[in-house]
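Novice: what shape does this take:
(chains A, B and C)
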Amino acid sequence: MNAFEYRTPRALDEALAILEEFGEDARAVAGGTALVTMMRQRLVRPTCVVSLRDVAGLGRIEATNGVVRLGALVTHRDAEVSPLLRERLPVLAETFRRVATVRIRHMATVGGALAHADPNQDPPVTLLALGARVEIQRVGGQRELPLEAFFRDYYETALEPGELITGVSVPLLPAATGASFVKFLPRSADDYATVAVAAVVTLEPDGERCREARIALGSVAVTPLRARAAEAALAGERLDRRVLRATGEAARSEVDPLTDHRGSAAYKREMTAVMVGRALTQAWDVARRATR
Amino acid sequence: MTRMIRLRVNGAVHEVEVPSYRTLLDCLRNDLGLTGSKEGCGVGVCGACTVLLDGKMISSCIALAVFADGREVTTVEGLAEDERLHPVQQAFMDLGGFQCGICTPGQVVAAKALLDSTPNPSEAEIREWMLGNLCRCTGYYKIVESIQAAAQEARP
Amino acid sequence: MALRIVGQPIGRLDGVDKVSGSARYSADVTLPGLVWGKALRSPLPHARIVRIDTSNARALPGVLAVLTARDLPDVLVGRRMFDMPMLARDRVRFIGEKVAVVAAVDPDIAEEATALIDVEYEDLPAIVDLVAAVEPGAPVVHANPGAYEGAPAERPHPNVQSVLRFKLGDVEAGFREADRIFEHTFRTQLAHHGYIEPHAGVVAIDEDGRVQVWASNKMPYRLKELLSHALQLPKERIRVNLTPIGGDFGGKGSLMDLPLAYHLARVTGRPVKMVMRYAEELMAGNPRHPSVITLRTGVKNDGTIVARQVKALFNSGAYAAFKPAPSVNLGGAGMGAGVYRIPHLLIESLCVYTNNIPCGHARSPGEPQMVFAGESHMDMIATELGLDPAEFRRRNLLQDGDHLANGHHLEHVRAKETLEAALEASHWSAPKAPGIGRGVAMTHRHIGVGFTNARVRLETKGTVTLLIGLPDTGTGAHLVLRQIVAELLDLSLDEVQVELVTTDVFETDSGVGGSRVTHTGGRAAYHATEKLKELIAAEAKKLGAPDASLATIAQAAAREGRTLEASYFYDAKAHAAVTSFTAQVAEVAVDPATGQVTVRHFTTTHDVGTVINPLGHQGQIEGGLIQGFGYALMEEMPTEDGRISTLNLGDFKLPTVGDIPPLTTVLLEDPVGPGPFRAKAIGEGSISAVAPAIANAVADACGVRIMDLPITAEKVYWALREQERRS
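Specialist: This next block holds a predicted model:
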């Protein structure tokens, strides 16, 4: 690794001020699992590293007004075991649990993962399906974005120099809704997904037809994405094999995977259809049970 | 650009001046002479570098030493108490939970952390917790058996 | 004879250092004034070095030395064939070849410095494809390989390092006798050993001018010889200090970076430590050879095999330097005949030069490749003949008195018993649900040979010390040796200690590997102990106290200035007339929607000799088996234009604890081995048949035959879709 200046602000505005000062020469670090690995491989060489580890107030998980808010410094492990999250948004707690190994989850943070924008990560997929919003702050300002607008390209986000993610807010599930997360791992139990799918299905009060579906896909494009054509194929339908197939086909047509060690682009396309079917079946089951 | 950090390792306080780029693993091994923790893959995957930071197991090869400033680190050297091996260490010896031993410090630190948080883990819980501790010698069967035995042993 | 300690599943009492973190591996060794070495490696597969500018690297604060080939004597290194420069001299031949080396005060600065070395290259045509490399007109990797020291004479093509043949009868005549002939070609992948400890070494030149070495190398005496050759120093000037090794699996027998550490030590006047990063291991760590293997087998209508011809190409990469066998080839090629009586046999194995990573030995060298091909081929033939795969094998198994093509003659053959035990334990004939399949595969592995020196010394407190120069690679061999000595002297295990000596003690030792240590180390310890027993008896007689305690006897001798000790040099020149059979059955489920293969159960049966330590023995079986499992299903290092794309353990997947299948082990103990107490060997018995057992099970489950490793879900998926399309 290169030599660099290391700063340890204790408050958010101090951190933001340093980031503004150094601009593109500075990187923020929280858990370090991504940044330190990249620095060891000499892929990034910042002049200044700003640690957020001592910044107060960014580590809470709370629920208010039908929204769960995770502070940017909440670790994956915190989210995985959070009683609040397990009760109110179990699909999200479960998704955090699927990330890498416990060691990584003890360090890697919610905000850090989003800022890193690796399209093979799991939490962004579920967060996307749940309609999450990202809170961003800079010196003298703040803004909020839907997560869909946050991921721009391969490892690229809407963050401008000097900006930090401060939290993620996730609406609770409406009534008659079931959610699922499927991570397809054909190679090893510890791996990035070949394909990941998060499905959120809301049924009509009769528990028969789909009122709204939200399907998000991971590892099948340069960013995680909402499978809008697939969602449209479900709207108003009963879940049967024809509908599942049509939805899977629609999802398959929306992806543009990269060939990597976890599968060729062509295979990932095929598996998109299969895993969308599985995620939907699971979500639908949960939703149906919720309507009884 | 060096920084003076103060960390408590296995109960003893150390003050050491480190360059910012120093990993926690290199600090433990080279600055503090605690060579029990090993560098294997260097990317946080294999677990040979597992230590506890404030009681939580982490990959020390991808943690900066400065992360441990003012904090508590537990390494394999800190598991035994007054010459008495931790039940996990004893179980690994009794049941063949190690062969070449290079992954063993990481395995026993991770297993100790598991039993601290879950004294009676199921086999599935053991496998999930230990997923990130690779071993190339044993095939894992005797590692799982060792941890199960240690859990049994530690139960009053 | 009832045994007291031999045969007991004694735990790893010798492991306190390992579980407590106080064991010092090579990377843990530190000396006053130590500096760190780091290599710069070639980014191109084949190129001429035009110019190297080290000035910026030298100028970096903390850098003590930068060396290129120009600073070193023009010596080529190797293990049997010496074709590799210590640093690339005028050209590089693979991505990862060392071009320069730096010494600095800390490893980060050393690494930063390597990035400041400016090298100008001129591309040369590279040959990376194994099959194309031996076609006429292929770019040549070495201009004149025959001129290298140790080069075998036969060279059908300039890119052939060596040819190894196994022959029985007359294969052409055999094929004429056949009713049907089958031919299949299989491919296996590049795979690193996956030891968790990367190569590491410390070299220091002491005040007496002796070269002190600590290295992750499992044959320290051979290392001393090779260093003497590479450094052009007399052997006596070099001392290898044994350190425990963090996993060998065949990969830690070469010089690796040690000559460079020496030259850096010489130039800086400081001890030098060099530790490979795992990316360097995956780029240059002498992994298992990829292969293309074609088998052609002639059978009679009743399923008897009459002839087999095997052509194997092994992708050895840019240098032959990492292969230790006198043939400079892979002895495992002999497994092309499998566990079968084949009267007419011709196996031809070619190790081929390409501009790829140089490969070396890996657990059961050449065998996982050959056995995957051979045992898959057997099942494919069985299917064509309409025979149950187990039955087809039964009709052709080796029997007592048979001769193998490598010259071994076999007695106490229990191939059939081993097979039957596997079939029974795996419920071979039980009904299967759709999507479930079972596959069987067999192999055999001889007991390794080599030579070892051992000395046993009676201490004045009545304990015994076994001195030996075999390093600890983790197998538990030293505990086995203690058990042998304790058994013979009627001592408790606590009363026998092992002292690992440096290479200053004893003349030689063939080191660890090839499943030989229980045999060679064991026999050396055994016979040395028998000699000691005689000395003790004589001493007791002299004292007139035949029942005197060992302490009394030792003290009596000590009063006369004598120490009771006995040495023995055991040289197992020839292989024993026994082998060890393995039969394995995999039961798998194939998910038709994704092609994902799940091994629901794995059964492994072994024809073994006396088992000296059942705990350690089982550990070797389980470890080898899971390596075979990873090789079968997930390990691969995709390479394009000579560039390996899996340069970390996140991309090159090794099995985790979450991946292992439920396992049943069955042992058939037959005390007929050449080892102490009639022991055989086990280290390499469980790895080779795993992949074909799984491939055969997949074929049984869904009709898909995967002929190139690893068996990935994707391969099965496309094959299933193709199968659907055709039907």
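Novice: quick check: residues of the stretch 101-250 of chain A near chain C?
Specialist: Counting by CB under 8 Å from any CB of the partner chain, the residues of the stretch 101-250 of chain A lying close to chain C are A:Phe184, A:Pro186, A:Arg187, A:Ser188, A:Ala189, A:Asp190, A:Asp191. Quick note: C-beta positions are derived from backbone N, CA and C, even for glycine.
Novice: would you turn the residues you listed into TSV with neighbour count, secondary structure and pLDDT?
Specialist: Supplementary listing: those in TSV, determined by neighbours: other CB atoms under 10 Å in any protein chain shown; DSSP: H, G, I helix; E, B strand; the rest coil; pLDDT from 0 to 100:
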residue	neighbour count	secondary structure	pLDDT
A:Phe184	25	strand	98
A:Pro186	25	coil	98
A:Arg187	23	coil	97
A:Ser188	18	coil	97
A:Ala189	15	coil	97
A:Asp190	22	coil	97
A:Asp191	21	coil	98
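Novice: nearest to chain B among the residues you listed?
Specialist: Minimum distance to chain B across those is 5.1 Å, recorded for A:Asp190 (CB to the nearest CB).
Novice: distance of the closest one relative to B:Cys46?
Specialist: From A:Asp190 across to B:Cys46, the span is 10 Å (CB to CB, to the nearest Å).
Novice: who touches both of those two?
Specialist: Common contacts of A:Asp190 and B:Cys46 (CB atoms under 8 Å, 6 or more residues apart in numbering or on different chains): B:Gly132.
Novice: most widely separated two among the residues of the stretch 101-250 of chain A next to chain C?
Specialist: Distances among those were taken as CB to CB; the most separated pair is A:Phe184 and A:Asp190, at 14.1 Å.
Novice: could the residues of the stretch 101-250 of chain A next to chain C go into TSV alongside distance to B:Arg22?
Specialist: As requested, those are exported to TSV (distance: CB to CB, whole Å):
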residue	distance to B:Arg22
A:Phe184	39
A:Pro186	39
A:Arg187	34
A:Ser188	31
A:Ala189	32
A:Asp190	27
A:Asp191	30
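Novice: can you narrow these to ones near chain B?
Specialist: Of the entries in those, those that also sit close to chain B under the rule CB under 8 Å from any CB are A:Ala189, A:Asp190.
Novice: does chain B have contacts with the helix or strand hosting A:Asp78?
Specialist: A:Asp78 is part of helix A:76-81 when elements are defined by DSSP states H and E. Yes - against chain B, helix A:76-81 shows contacts by CB under 8 Å from any CB at A:Arg77.
Novice: so for that helix, mean pLDDT?
Specialist: Across helix A:76-81, the average pLDDT comes to 98.
Novice: buried set for it?
Specialist: Within helix A:76-81, the residues that qualify as buried are A:His76, A:Arg77, A:Asp78, A:Ala79, A:Glu80, counting by 16 or more other CB atoms under 10 Å in any protein chain shown.
Novice: quick check: C:Val371 touching C:Met335?
Specialist: Yes - counting by CB atoms under 8 Å, C:Val371 does reach C:Met335; the two are 5.4 Å apart.
Novice: which neighbours do those two have in common?
Specialist: Between them, C:Val371 and C:Met335 have C:Thr443, C:Ser688 as joint contacts when contacts are counted by CB under 8 Å, 6+ apart.
Novice: CA atoms only for stretch A:187-195, dumped as CSV, please.
Specialist: What follows is the C-alpha trace of stretch A:187-195 in CSV, where atoms were taken according to Å, rounded to 0.1, in the frame of the first residue of the first chain:
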residue,chain,number,x,y,z
ARG,A,187,-20.1,-23.2,-6.9
SER,A,188,-19.5,-22.8,-3.2
ALA,A,189,-21.4,-21.8,-0.1
ASP,A,190,-19.1,-18.7,0.2
ASP,A,191,-19.3,-16.8,-3.0
TYR,A,192,-20.9,-13.9,-4.8
ALA,A,193,-24.2,-14.8,-6.4
THR,A,194,-24.3,-16.1,-9.9
VAL,A,195,-27.7,-14.5,-9.9
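Novice: contacts for that stretch, please.
Specialist: A:100-101, A:120-122, A:183-186, A:217-220, A:257, A:261-263, A:267-268, A:271-272, A:275, B:45, B:127, B:131-132, C:633-634, C:653, C:655-656, C:658-659, C:712-713.
Novice: in what helix or strand does the residue of chain C at minimum distance from chain A lie?
Specialist: Ranking the residues of chain C by distance to chain A (CB to the nearest CB) places C:Gly658 first, at 3.1 Å. If you go by DSSP H and E, C:Gly658 is not part of any helix or strand.
Novice: in contact with it, which residues?
Specialist: Under the criterion of CB under 8 Å, 6+ apart, the contact partners of C:Gly658 comprise A:Ser188, A:Ala189, A:Asp190, B:Arg127, B:Glu128, B:Leu131.
Novice: same thing with C:Pro85?
Specialist: With contact taken as CB under 8 Å, 6+ apart, C:Pro85 is in contact with C:Ala69, C:Asp74, C:Val75, C:Leu76, C:Val77.
Novice: give me the nearest residue to the most centrally placed residue in chain B, chain neighbours excluded.
Specialist: With distances taken as CA atoms, centre = their mean, chain B has B:Val109 as the residue nearest its mean C-alpha position (3.2 Å). Spatial nearest neighbour of B:Val109, chain neighbours left out: B:Thr50 (4.8 Å); criterion: CB to CB, 6 or more residues apart in numbering or on different chains.
Novice: does whatever residue of the stretch 101-250 of chain C ends up closest to chain B belong to a helix, a strand or coil?
Specialist: Residue nearest to chain B within the stretch 101-250 of chain C: C:Gly246 (2.9 Å; CB to the nearest CB). Following DSSP: H, G, I helix; E, B strand; the rest coil, we place C:Gly246 in the coil state.
Novice: show me what contacts the closest residue to it other than its chain neighbours?
Specialist: If the residues on either side of it in the chain are set aside, C:Gly246 comes closest to C:Glu197, at 2.4 Å by CB to CB, 6+ apart. Counting by CB under 8 Å, 6+ apart, C:Glu197 makes contact with B:Lys38, B:Gly40, B:Cys100, B:Ile102, C:Tyr25, C:Ala27, C:Ser216, C:Ile245, C:Gly246, C:Gly247.
Novice: A:Pro146: neighbour count?
Specialist: 11 (other CB atoms under 10 Å in any protein chain shown).
Novice: same thing with A:Gln282?
Specialist: Neighbour count of A:Gln282, defined by other CB under 10 Å: 19.
Novice: circling back to that earlier point, quick check: pLDDT value at the residue nearest to the centre of chain B.
Specialist: For B:Val109, the pLDDT comes out at 98.
Novice: so what does the longest helix seen in chain A touch, helix or strand wise?
Specialist: The helix that spans the most residues within chain A, counting by DSSP state H, is helix A:265-291. In terms of contacts (3 or more CB pairs under 8 Å, 6 or more residues apart in numbering or on different chains; DSSP states H and E), helix A:265-291 is packed against strand A:177-184, strand A:195-203, strand A:210-218, helix A:241-254, helix C:713-726.
Novice: setting aside sequence neighbours, what's the nearest residue to A:Arg40?
Specialist: A:Met1 (5.8 Å).
Novice: oh, I was asking about B:Arg71
Specialist: If you skip the residues right next to it in sequence, B:Arg71 has B:Asp54 as its closest partner in space, 5.4 Å away by CB to CB, 6+ apart.
Novice: any idea how far that neighbour is from C:His403?
Specialist: Between B:Asp54 and C:His403 the computed distance is 66 Å (CB to CB).
Novice: can you list the residues of chain A near chain B?
Specialist: Proximity of chain A to chain B is assessed by CB under 8 Å from any CB, with A:1-6, A:8, A:29, A:32-33, A:36-37, A:39-40, A:49, A:51, A:53, A:77, A:100-104, A:106-107, A:189-190 identified as the residues in range.
Novice: inside helices: which ones of those residues?
Specialist: Secondary structure of those is defined by DSSP H; positions in helices are A:Val36, A:Thr37, A:Met39, A:Arg40, A:Arg77, A:Val102, A:Arg103, A:Ile104, A:His106, A:Met107.
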